[in-house]
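In: Sharing a model that was predicted from the sequence below.
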There are 2 protein chains.
Amino acid sequence: MPQFPDPPADPFHDHDHAHCAKAVLQRAEAQARREGVRLTPVRRRALEILLESHRAMGAYEVLERLAADGFGKQPPVAYRALDFLVEQGLAHRVRRLNAYAACLSQQRDHSPAFLICRGCEQVAEADAPELRVALAALAAGAGFRIERRTVELLGLCARCAGAADA
Amino acid sequence: MPQFPDPPADPFHDHDHAHCAKAVLQRAEAQARREGVRLTPVRRRALEILLESHRAMGAYEVLERLAADGFGKQPPVAYRALDFLVEQGLAHRVRRLNAYAACLSQQRDHSPAFLICRGCEQVAEADAPELRVALAALAAGAGFRIERRTVELLGLCARCAGAADA
DNA sequence: TTATTTATGTTATATCGTAACGCGTCAAGC
DNA sequence: GCTTGACGCGTTACGATATAACATAAATAA
């Protein structure tokens, strides 16, 4: 039985967060064991912090939280933990926000599109095969070899759009 | 007769740059008249600077050039000119590079995908209807209302990929 | 003309990100 | 056991990117 049976109608709000956060942490641990990398206390805590919300957090915001928990107080502490998480596919960098968000997918290597709501500031992650296909076709037509994809949509989630219209 | 009859096979290199740069400047002037906005000397010069290459340029790099031409020497000078160009659809911001590139399309409002070559550092702009469709479908499925799109592909252009393989 | 808006320039500061180095830990090989 | 080397974490110091706030000047509107 799959963890996420159907894509929810509203990925921003129609969502069992406690469950998804726990699943990600479990995946992180399993993956670390499997690949022989170390999910150290700072790294694990950084992931937990990102998992507390579906907002994207700036590195300095994460750093504050880490410092409050007794870890180092200087920027590299946060950037290194976040870089690790991104490399391991456990978090994503959201370029438009200069910020980071936990990866909620079960897949090790994927590059989702991000839906960024400017109302509630939440971020949703969406994998879309047709999108990959369209991008691949685009690149192929230009003889371009894709290495990294950034797809970010800024706008309003269903709930905030409804509130704005009302 | 259209300005760009066919999408070139290699948009990075297969390209008459002198012609495209001139066309963009003409479009900028026409558009400014039409919309009653002012393409002032700094703004125009900033656009020319971006048009000199197909690289994306950082704001501070543009600023240096502007300062050398006798304009102001402080960051807001560059950021304001660049913001204007972006608002007018005459330039784009490339988030992955924290940089700006002249818009080479004739269209006032479009949001192209960017192909960013990490070899030659050139940036190509590609409009792809199927991509828009895929993004629209993605958003519709989530009840999300898109306001701004960011699509950036990092990799190697045909020429650089060839060189890398050789 | 006078009033109002828009644009340009400044100073100062906020925000984001990284280079470089020292110390501690841990596992591999002797 | 010891040593050695890789890695992780912490630091200091700095670089790069971006904006707030305010003064002056130029263009436009009344």
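Out: Great, that's in hand. The shown structure was predicted, so the numbers you read here are calculated from the model rather than taken from an experiment. Numbering: from 1, shown residues only, chains lettered A, B, ... in the order given.
In: Run through chain A and note the low-pLDDT ranges.
Out: A:1-9 (pLDDT under 70).
In: Can you tell me which residues in chain A are near DNA strand D?
Out: Counting by Cβ under 7 Å from any atom of the strand, the positions of chain A adjacent to DNA strand D are A:37-38, A:40-43, A:71-77, A:80-81, A:84. Where you see a C-beta, it was placed from the backbone N, CA and C, and this is true even at glycine.
In: Just among those residues, which is most surrounded?
Out: A:A81 (28 neighbours; other Cβ atoms under 10 Å in any protein chain shown).
In: So is the helix or strand containing that one next to chain B?
Out: Assigned by DSSP states H and E, A:A81 falls within helix A:75-87. No - figure legend: helix A:75-87 not in contact with chain B (Cβ under 8 Å from any Cβ of the partner chain); closest approach 13.6 Å.
In: Mind listing the strands whichever helix or strand comes after that helix pairs with, and their directions?
Out: Next helix or strand after helix A:75-87 toward the C-terminus (DSSP H and E): strand A:91-94. In the sheet containing strand A:91-94, its partner strands are strand A:99-102 (antiparallel), by DSSP bridges.
In: what sits up against the partner strand?
Out: Residues from elsewhere that reach strand A:99-102 (Cβ atoms under 8 Å, 6 or more residues apart in numbering or on different chains): A:21, A:24, A:47, A:50-51, A:54-59, A:62, A:82, A:85-86, A:90-94, A:114, A:123, A:125.
In: Mind exporting the C-alpha coordinates of it to PDB?
Out: Written as PDB, here are the backbone C-alpha positions of strand A:99-102 (Å, rounded to 0.1, in the frame of the first residue of the first chain):
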ATOM      1  CA  ALA A  99      15.200  29.200   1.400                       C
ATOM      2  CA  TYR A 100      15.000  25.500   2.100                       C
ATOM      3  CA  ALA A 101      12.100  23.100   2.400                       C
ATOM      4  CA  ALA A 102      12.100  19.500   3.500                       C
END
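In: Can you report how many residues lie near A:L66?
Out: Considering only other Cβ under 10 Å, A:L66 is surrounded by 20 other residues.
In: Please give me every residue in contact with it.
Out: A:L66 touches A:42, A:45-46, A:49, A:72, A:77-78, A:81, counting by Cβ under 8 Å, 6+ apart.
In: In those, find the pair that's most separated.
Out: A:I49 and A:G72 (14.3 Å; Cβ to Cβ).
In: From DNA strand C, how far out is A:D165?
Out: Here A:D165 is placed at a distance of 28 Å from DNA strand C (Cβ to the nearest atom of the strand, to the nearest Å).
In: among the contacts of strand A:99-102, which ones are buried?
Out: Buried subset of the contacts of strand A:99-102 (neighbour count, 16 or more other Cβ atoms under 10 Å in any protein chain shown): A:21, A:24, A:47, A:50-51, A:54-59, A:62, A:82, A:85, A:90-94, A:114, A:123, A:125.
In: and chain A, which of its residues are near DNA strand C?
Out: With Cβ under 7 Å from any atom of the strand as the criterion, chain A meets DNA strand C at residues A:58-60, A:74-76, A:79, A:98-99.
In: Reformat these as CSV; add distance to B:R108.
Out: Converted to CSV, those look like this (distance: Cβ to Cβ, whole Å):
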residue, distance to B:R108
A:G58, 33
A:A59, 36
A:Y60, 37
A:Q74, 46
A:P75, 41
A:P76, 44
A:Y79, 39
A:N98, 28
A:A99, 30
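In: Could you tell me which residues make contact with A:R65?
Out: A:I49.
In: Relative to A:K73, how far out is it?
Out: 11 Å (Cβ to Cβ, to the nearest Å).
In: Please enumerate the helices of chain A.
Out: A:17-35, A:41-51, A:59-68, A:75-87, A:129-142, A:158-165 (DSSP state H).
In: helices or strands up against the helix holding A:A81?
Out: Applying 3 or more Cβ pairs under 8 Å, 6 or more residues apart in numbering or on different chains; DSSP states H and E, we find helix A:75-87 packed against helix A:41-51, helix A:59-68, strand A:91-94, strand A:99-102.
In: Out of the contacts of A:L66, which is nearest to DNA strand D?
Out: Checking the contacts of A:L66 against DNA strand D by Cβ to the nearest atom of the strand gives A:G72 as the nearest, at 2.9 Å.
In: give the contact list for the nearest residue to A:L154 once chain neighbours are set aside.
Out: Distances taken as Cβ to Cβ, 6 or more residues apart in numbering or on different chains put B:R148 closest to A:L154, at 4.1 Å, once the chain neighbours are dropped. With contacts defined as Cβ under 8 Å, 6+ apart, B:R148 is in contact with A:96, A:153-155, B:111.
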